[in-house]
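Visitor: My questions are about this predicted structure, shown below with the sequence.
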Amino acid sequence: MSVTLNRGQVLRRLRLGDIAFKHITRTAAIFVLVLLSAVILALIDGSVLAFRTFGFSFLWEEQWNPVTEKFGALAPIYGTIVTSFIAMLIAVPVGLLIAVFLTELCPMWLRRPIGIAIELLAGIPSIIYGIWGLFIFAPFLQQTLQPFLISVFGDIPVLSTLFAGPPYGIGVLTAGLILAIMVLPFVASISRDVFDAVPPVLKEAAYGLGCTTWEVVRHVVLPFTRVGVIGGVMLGLGRALGETMAVTFVIGNAHRISGSILAPGTTISATIANEFTEAVGALYTSSLIALGLILFVITFTVLAIARYMLMRLERQLGN
Amino acid sequence: MPVPNISLYSRRRRRNSIAMTLSIGATLFGLAWLVLILAVLLWKGFSGLSLAVFTEMTPPPGSAGGLLNPIVGSLLLTTLAVLIGTPIGILAGTYMAEYGRHDRLTTVVRFINDILLSAPSIVIGLFIYEIMVYPMGHFSGWAGAVALAVIVIPVVVRTTEDMLLLVPDTLREAAASIGLPRSLMIGRIAYRAARAGMVTGVLLAIARITGETAPLMFTALNNQFWSLNLNAPIASLPAVIFQFALSPYKEWQQLAWTGALIITLAVLTLSITARILAAPRKST
């Protein structure tokens, strides 16, 4: 068979195969772009009805009533932002400190195991955090942290509203704390990678001047990696904003905005997860998809900023 | 010779030791959660682990049973998702690393891919609902598999590109110098050199989708009974855990814990295997 093929034919066949393969891979790469556009278009298409009915006041109406078919996104948006804020408040400092430990203090032989353990924490599926949060963490908080907060801040004017009410166990604070645990490994492992990228000469120079480890971190490592750290934090924030299952278990699913972070609330993702399959009527479904669109726009923005920051750091290191 | 300022010196040292103690504390705090969660899972999950879990169907409320149908459902959905998602991901990653290393398309795709990589998975579920479940008029296993595939793609794209970029260019040049066409060079040389890393990517993708619940809730839904029909709702472990954990029945809650243990062990095994596979590559 191969004897009958002459050299020209073989080469032509190879060239055709080459061109075909290149175009197939190119198509696959373009498919990734198409995928993201399709997600956005499908969400817009699904939420048209809700936005046409309620206008943009959908974004700041608090009422969410499936019976009268009045829907507003304010309570879920508020819950999403507050829970993510609590999460970042804890996860950022703790994550950065872990990164400092891993890059400056930890003995070499321990770095890899601890790093892997932290990354495994990031790999645990969110539904596991959810079931753990519901059965173990929430009852624990109900008996310990929450009564403590209520008794300590009960008489202080502003804080008494923030920590008002009976300790339910589940609620906004619990959701925020679980998110903190979930986001922590992200912030820690990205900050570690970013800290590792600092040229050793810079650190050695500072140590040579007699700086303490803390001073090296504070005045050399952090300024040098600022952009990357912000990128890592934003990446963690993106995860906290969109996290669904863990939050759904412990937030309490109450469509109202309460001044107290001990009260039950809801987030965008928890609302969708809880109500979507049971939603009756086109308007209800469309309102939930509109919530999804809002969530996607928020996380898209946050993630885009995060990636841009990390790309800038890479370029800075490249030069 | 100037007298050293002892108070300044000791203040700096004190500040340093406070910061270092805090960072050790933070690390212990972080690790404590991993230990706590695993300990609870083992404690609660193991007590319900028996042969019945793997041989019996999910029970009606208030009676004993197993997790056979959700386990099989999860395996089926995961396999399909990987079969759909991996080729697309590998091909896209190949373009970015081999053909368009410096062109604008690659930069844009990389950026968009990174966003897809961390996009909220519940939004993916809504997306598949809009394009598959709603037009077809019913929930289906196929929709669930496609939703998971959408999550697999960005993970595989990312690792394929990274791993192909690690392959030394001298190998490519050597292949080109003996007249090997580019597509054959990629297939026979580059893929082979990057194989361990690419397998790692697929394993990480599997680990990622094994526990995904949100994208399945509006696509594959759930199924109380034995079914392998991909045109109908199909059970999956995460969906069953969600349903059973929130139920008031003791037996169901116990099965939820056991299911959670199975998922976690699967995910941990996958990610540790992935890391072991990737390790020798990192050191070179």
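Guide: That came through fine.

Visitor: Run a quick neighbour tally on A:Gly171.
Guide: A total of 26 residues lie near A:Gly171 under the criterion other Cβ atoms under 10 Å in any protein chain shown. C-beta: built from backbone N, CA, C; applies to glycine.

Visitor: Would you check that it makes contact with A:Asn253?
Guide: No: contact criterion Cβ atoms under 8 Å: A:Gly171 and A:Asn253 do not qualify, at 10.5 Å.

Visitor: quick one: contacts for residue 188?
Guide: Since you didn't name a chain, this refers to chain A. A:Val94, A:Gly95, A:Leu96, A:Ile98, A:Ala99, A:Leu102, A:Ile118, B:Gly30 (Cβ atoms under 8 Å, 6 or more residues apart in numbering or on different chains).

Visitor: oops, chain B please
Guide: B:Ala175, B:Leu180.

Visitor: coming back round to it: let me know the closest of the contacts of A:Ala188 to B:Ala190.
Guide: Ranked by distance to B:Ala190 (Cβ to Cβ), these are led by A:Ile118 at 32.1 Å.

Visitor: Could you report the neighbour count for residue 38?
Guide: Picking chain A for this. Using other Cβ under 10 Å, A:Ala38 has 15 neighbouring residues.

Visitor: wait, chain B
Guide: Using other Cβ under 10 Å, B:Leu38 has 20 other residues around it.

Visitor: Kindly report the same for the one 5 residues further on.
Guide: B:Trp43: 12 surrounding residues under other Cβ under 10 Å.

Visitor: Then the one 3 residues further on?
Guide: For B:Phe46, the tally of surrounding residues (other Cβ under 10 Å) stands at 12.

Visitor: next one: B:His138
Guide: 12.

Visitor: B:Arg15 and A:Val217 touch, don't they?
Guide: No: the pair B:Arg15 / A:Val217 is not scored as a contact, 11.4 Å apart, by Cβ under 8 Å.

Visitor: which stretches of the stretch 51-200 of chain B form helices?
Guide: B:51-55, B:68-94, B:104-117, B:121-128, B:134-136, B:141-166, B:169-177, B:182-184, B:191-193, B:195-210 (DSSP state H, counting those that start in this stretch).

Visitor: Could you dump the ones you listed into a markdown table and include mean neighbour count?
Guide: What follows is the helices of the stretch 51-200 of chain B, written out as a markdown table (neighbours: other Cβ atoms under 10 Å in any protein chain shown):
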| stretch | mean neighbour count |
| --- | --- |
| helix B:51-55 | 13 |
| helix B:68-94 | 22 |
| helix B:104-117 | 18 |
| helix B:121-128 | 28 |
| helix B:134-136 | 12 |
| helix B:141-166 | 25 |
| helix B:169-177 | 12 |
| helix B:182-184 | 19 |
| helix B:191-193 | 15 |
| helix B:195-210 | 22 |
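
Visitor: export the contacts of A:Ala188 to CSV and tack on neighbour count?
Guide: Converted to CSV, these look like this (neighbours: other Cβ under 10 Å):
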residue, neighbour count
A:Val94, 23
A:Gly95, 29
A:Leu96, 22
A:Ile98, 31
A:Ala99, 30
A:Leu102, 24
A:Ile118, 24
B:Gly30, 23
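
Visitor: Nearest to A:Pro157 among those residues?
Guide: A:Val94 (29.4 Å).

Visitor: How about the residue of chain A found nearest chain B: what's its closest non-neighbour residue?
Guide: Nearest residue of chain A to chain B: A:Pro125, at 2.1 Å (Cβ to the nearest Cβ). Take A:Pro125 and drop its neighbours on the chain: the residue closest to it by Cβ to Cβ, 6 or more residues apart in numbering or on different chains is B:Gly211, 2.1 Å away.

Visitor: That neighbour: neighbour count?
Guide: 23.

Visitor: now do A:Val221
Guide: Around A:Val221 there are 25 residues (other Cβ under 10 Å).

Visitor: got it, and the one 3 residues further on?
Guide: Here the neighbour count serves as a burial measure; for A:Phe224 (other Cβ under 10 Å) it reads 20.

Visitor: what sits against it?
Guide: A:Val198, A:Leu202.

Visitor: B:Arg15 and A:Val217: which has the busier surroundings?
Guide: Neighbours per residue (other Cβ under 10 Å) separate B:Arg15 from A:Val217, with A:Val217 holding more: 27 against 14.

Visitor: Need the overlap of contacts for A:Gly171 and A:Asn253.
Guide: In contact with both A:Gly171 and A:Asn253: A:Pro264, using Cβ under 8 Å, 6+ apart.

Visitor: Please name the residues that touch the closest residue to chain A within the stretch 1-150 of chain B.
Guide: Residue nearest to chain A within the stretch 1-150 of chain B: B:Pro120 (2.6 Å; Cβ to the nearest Cβ). With contact taken as Cβ under 8 Å, 6+ apart, B:Pro120 is in contact with A:Leu241, A:Gly242, A:Glu243, A:Thr244, A:Ser269, A:Leu295, A:Phe296, A:Thr299, B:Ala214.

Visitor: Serialize these to CSV and add fields for neighbour count.
Guide: Output for the contacts of B:Pro120, formatted as CSV (neighbours: other Cβ under 10 Å):
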residue, neighbour count
A:Leu241, 24
A:Gly242, 26
A:Glu243, 29
A:Thr244, 28
A:Ser269, 29
A:Leu295, 28
A:Phe296, 24
A:Thr299, 24
B:Ala214, 27
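
Visitor: Secondary structure, pLDDT and distance to B:Gly100 for those - can I get that in TSV?
Guide: Shown next, in TSV, are these (DSSP: H, G, I helix; E, B strand; the rest coil; pLDDT from 0 to 100; distance: Cβ to Cβ, whole Å):
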residue	secondary structure	pLDDT	distance to B:Gly100
A:Leu241	helix	94	32
A:Gly242	helix	91	30
A:Glu243	coil	92	34
A:Thr244	coil	92	35
A:Ser269	helix	94	35
A:Leu295	helix	96	32
A:Phe296	helix	95	27
A:Thr299	helix	94	27
B:Ala214	helix	91	33
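
Visitor: which bits of the stretch 151-284 of chain B sit near chain A?
Guide: Counting by Cβ under 8 Å from any Cβ of the partner chain, the stretch 151-284 of chain B comes close to chain A at B:153-154, B:157, B:181-184, B:186, B:207-208, B:210-214, B:217-218, B:221, B:238, B:241-242, B:245-246, B:253, B:256-257, B:260, B:263-264, B:267-268, B:271-272, B:275.

Visitor: what's the spacing between B:Arg12 and A:Leu105?
Guide: 17 Å (Cβ to Cβ, to the nearest Å).

Visitor: just A:Thr301 next, same as before
Guide: Taking Cβ to Cβ, one finds A:Thr301 at 36 Å from A:Leu105.

Visitor: do the same with A:Ser191
Guide: For A:Ser191, the distance to A:Leu105 equals 14 Å [Cβ to Cβ].

Visitor: That'll do, ta.
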